[in-house]
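Engineer: Attaching a predicted model along with its sequence, questions to come.
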Amino acid sequence: MGAIAREHAHLALLPEMSAPEIAGLKAVRWQLALEAASQEAGKCLRDAENSAKGAEWKVAIAGKLRQSVAAPYRWIAETLKMDHPGSARGHVSPQIQRSAD
């Protein structure tokens with residue numbers, strides 16, 4: 001499914017697609033973006049388990065995921081071990097605001 005998502009990432013989601021199909025494509029996009037950002041940062045998901053929830057590299061990756069693929073805070077928090085969505089949002093929102101200024 002990852003290859004299909006990459007191949008069709010430029011296309012708008014079609015109204016005839018089912019909710020589970022759309023959710024699956026979105027999840028693949030988030031995962032691919034996470035893998036790219038993690039590789040760029042020299043980190044892996046094992047590092048997420050052993051780092052503080054507000055570690056600078058986690059916040060940077062989370063910000064990229066929010067801005068590039070609109071990954072939800074719930075998914076980011078679970079995947080990067082940032083505690084709960086509100087905690088992830090609290091760390092990431094100021095970073096996004098600074099980059100927008």
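Structural biologist: Structure received.

Engineer: Low-confidence regions, the protein specifically.
Structural biologist: Within the chain, the stretches with pLDDT under 70 are 1-14, 101.

Engineer: need the helices for this protein, in chain order.
Structural biologist: 2-7, 19-41, 45-49, 56-69, 73-79, 85-100 (DSSP state H).

Engineer: what's the spacing between residue 66 and residue 92?
Structural biologist: To residue 92, residue 66 is 6 Å away according to Cβ to Cβ, to the nearest Å. In short, each C-beta sits where N, CA and C put it, glycine included.

Engineer: typo on my end, it should be residue 75
Structural biologist: 12 Å.

Engineer: Between those two, which is the more surrounded one?
Structural biologist: When neighbours are counted by other Cβ atoms under 10 Å, residue 75 and residue 92 differ, and residue 92 comes out ahead with 25 against 17.

Engineer: Surely that one and residue 60 touch.
Structural biologist: No: applying Cβ atoms under 8 Å as the test, residue 92 and residue 60 come out as separate, 9.1 Å apart.

Engineer: what does stretch 94-101 contact?
Structural biologist: With contacts defined as Cβ atoms under 8 Å, 6 or more residues apart in numbering, stretch 94-101 is touched by 59, 60, 63, 66, 67.

Engineer: scratch that, stretch 51-62
Structural biologist: Under the contact criterion Cβ under 8 Å, 6+ apart, stretch 51-62 has outside partners 34, 37-38, 41, 43, 47-48, 76, 80-83, 87-88, 91-92, 95.

Engineer: Next, count neighbours for residue 42.
Structural biologist: Residue 42 has 8 neighbouring residues, counting by other Cβ under 10 Å.

Engineer: ok, it - contacts?
Structural biologist: If you count contacts by Cβ under 8 Å, 6+ apart, residue 42 has none.

Engineer: neighbours around the residue lying closest to residue 17 once chain neighbours are set aside, how many?
Structural biologist: If the residues on either side of it in the chain are set aside, residue 17 comes closest to residue 25, at 7.9 Å by Cβ to Cβ, 6 or more residues apart in numbering. Using other Cβ under 10 Å, residue 25 has 18 neighbouring residues.
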